[in-house]
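Engineer: coordinates for the following, if possible.
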Amino acid sequence: MVQALTVRRNLNESERKRLDDVMNQGFDQFVHVYASVPRSLRGLNGGLQLTLVLPPICLSLCYLFIHHTYQPSRPCTTFDQCASEMRSMQCYHQQTNGWSDIGYSFFVTGSDGNLYKGHGWNWVGAHAYGYNSISYGVCFIGDYTSTLPVKSAMDMVQYDFTSCAISAGRLSSYYNLYGHRQADATECPGNTLYHEIQKWEHWESYLP
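Structural biologist: Just a heads-up that it's a prediction; the model follows:
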């Protein structure tokens with residue numbers, strides 16, 4: 001680190017600016033790739049018994065769907081608990097639903113402060129029928145029929161996640177935000193959370 005700073009001081013202004021640009025670009029890419037908890041750290045595998053080949057998703061997307069798990073009904077509060085629940089959901093989605101992997105793109109918990117990677121940025125999920133190839137699905141762990149997620153969890157999705165996705169070119173700056181029930185016959189993401197996201201910027205009542 002000391003050597004790198006010494007080299008930077010010896011550069012002229014133009015060379016220093018080019019070096020800073022490269023470093024900033026590299027740091028941004030690091031944040032976009034590693035900001036969420038990697039699958040391997042929470043115990044998810046690449047597919048229990050893959051029956052489908054995961055198709056790549058085309059960037060940048062114009063749709064973002066909000067979900068809740070309903071079951072488990074309470075948000076996990078520790079990393080170990082969250083990892084266990086993620087593994088259980090993956091098994092259910094693959095072994096019961098017959099999907100190629102866990103359905104959602106990302107998960108957010110109630111209190112541990114982590115964003116958990118499901119299908120992630122680059123692969124088509126299974127969360128909103130008819131819109132999977134053109135949307136990301138972010139799922140809040142818990143039942144939000146009559147209560148809301150904690151504010152820090154909602155802020156992470158509403159501000160941090162979307163800002164990161166837009167700046168990385170993953171999500172269009174003109175994206176539309178929807179609740180899962182707008183695409184499928186479901187009560188997801190719960191009445192209380194659904195009414196809440198209607199106050200968020202980018203929420204759209206019409207789903208084409």
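
Engineer: for Gly137, give its distance to Trp99.
Structural biologist: 13 Å (CB to CB, to the nearest Å). Every C-beta, even on glycine, is put in place using the N, C-alpha and C of the backbone.

Engineer: the more surrounded of the two?
Structural biologist: More crowded of Gly137 and Trp99, by other CB atoms under 10 Å: Gly137, with 25 against 17.

Engineer: what about the nearest residue to Trp200 once chain neighbours are set aside, which SS state?
Structural biologist: With sequence-adjacent residues excluded and distances taken as CB to CB, 6 or more residues apart in numbering, Trp200 is closest to Gln158, at 5.4 Å. Under DSSP: H, G, I helix; E, B strand; the rest coil, Gln158 falls in the helix class.

Engineer: distance of Gln158 relative to Tyr178?
Structural biologist: For Gln158 relative to Tyr178 (CB to CB), the value is 14 Å.

Engineer: what about these two, which has more around it?
Structural biologist: Tyr178 (25 against 19).

Engineer: pLDDT of the helix or strand harbouring Glu85, averaged?
Structural biologist: Following DSSP states H and E, one finds Glu85 within helix 79-91. Mean pLDDT, helix 79-91: 83.

Engineer: could you look up the SS state of Ser173?
Structural biologist: strand.

Engineer: quick one: contacts for the closest residue to it other than its chain neighbours?
Structural biologist: Of all residues not flanking Ser173 in the chain, Ile166 sits nearest, at 5.1 Å (CB to CB, 6+ apart). By CB atoms under 8 Å, 6 or more residues apart in numbering, Ile166 lies in contact with Ser60, Ser172, Ser173, Tyr175.

Engineer: Gly113 versus the second one, what's the distance?
Structural biologist: The gap separating Ser172 from Gly113 is 27 Å, by CB to CB.

Engineer: neighbour count for those two, which is higher?
Structural biologist: Ser172 (16 against 11).

Engineer: can you tell me how far that one sits from His119?
Structural biologist: Separation of Ser172 from His119 (CB to CB) stands at 18 Å.

Engineer: one more: Ser167?
Structural biologist: In terms of CB to CB, Ser167 sits 20 Å off from His119.

Engineer: out of the two, which sits in the busier spot?
Structural biologist: Neighbours around Ser167 and His119, counted as other CB under 10 Å, are more numerous at His119. The numbers are 23 against 13.

Engineer: distance of the nearest residue to the more buried one once chain neighbours are set aside relative to Leu177?
Structural biologist: Computed as CB to CB, 6+ apart, the closest residue to His119 that is not its neighbour in sequence is Gly125, at 4.1 Å. Using CB to CB, we find Gly125 at a distance of 16 Å from Leu177.

Engineer: neighbour count winner among the two?
Structural biologist: Neighbour tally, Gly125 and Leu177, criterion other CB under 10 Å: the higher count belongs to Gly125, 26 against 20.

Engineer: SS state for that one?
Structural biologist: coil.
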